[in-house]
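> fold the following and give me the result.
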Amino acid sequence: MAEQVHGSTVSSDVHSPSVLEPEQRAALVFVLVLLVFLGLLMVRCFRILLDPYRSMPSSTWTDYTEKYTFDYRIS
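Predicted coordinates for the structure are as follows:
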């Protein structure tokens with residue numbers, strides 16, 4: 001009798017695992033976009049950590065030195 005129960009367990013409404021529902025596809029695309037965005041942010045942060053002065057605009061520190069260099073020229 002146990003053999004008959006195991007033999008009749010095949011049902012017709014079993015979904016194939018390769019077919020995704022539209023909600024699952026949308027969630028998967030959203031997660032992939034978030035992962036790409038996170039990866040880009042991580043790369044940018046590591047680049048800033050490795051060379052912090054490259055990301056700083058040069059006008060913020062060159063204006064400072066030029067202003068005080070001009071004061072030295074006057075005196």
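> ok, now how distant is Arg54 from Phe46?
Distance of Arg54 to Phe46, computed by CB to CB, to the nearest Å: 12 Å. (C-beta placed from N, C-alpha, C; glycine too.)
> can you map out the helices along this protein?
Ranges of helices in the chain, per DSSP state H, are 2-7, 22-50, 52-55, 59-74.
> distance check, Gly39 against Leu28.
Separation of Gly39 from Leu28 (CB to CB): 16 Å.
> repeat that for Met42.
For Met42, the distance to Leu28 - CB to CB - is 21 Å.
> now Asp51
36 Å.
> so where's this protein uncertain?
1-17, 58-75 (pLDDT under 70).
> buried residues, stretch 21-31. List them.
Buried residues in stretch 21-31, counted by 16 or more other CB atoms under 10 Å: none are found.
> CA atoms of it as CSV?
Extracted C-alpha coordinates of stretch 21-31, given in CSV (Å, rounded to 0.1, in the frame of the first residue of the first chain):
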residue,chain,number,x,y,z
GLU,A,21,6.5,35.0,-12.1
PRO,A,22,6.4,38.7,-13.0
GLU,A,23,6.7,39.8,-9.4
GLN,A,24,9.8,37.6,-8.9
ARG,A,25,11.4,39.0,-12.1
ALA,A,26,10.7,42.5,-10.9
ALA,A,27,12.2,41.8,-7.5
LEU,A,28,15.2,40.1,-9.1
VAL,A,29,15.9,43.1,-11.4
PHE,A,30,15.5,45.5,-8.5
VAL,A,31,18.0,43.5,-6.4
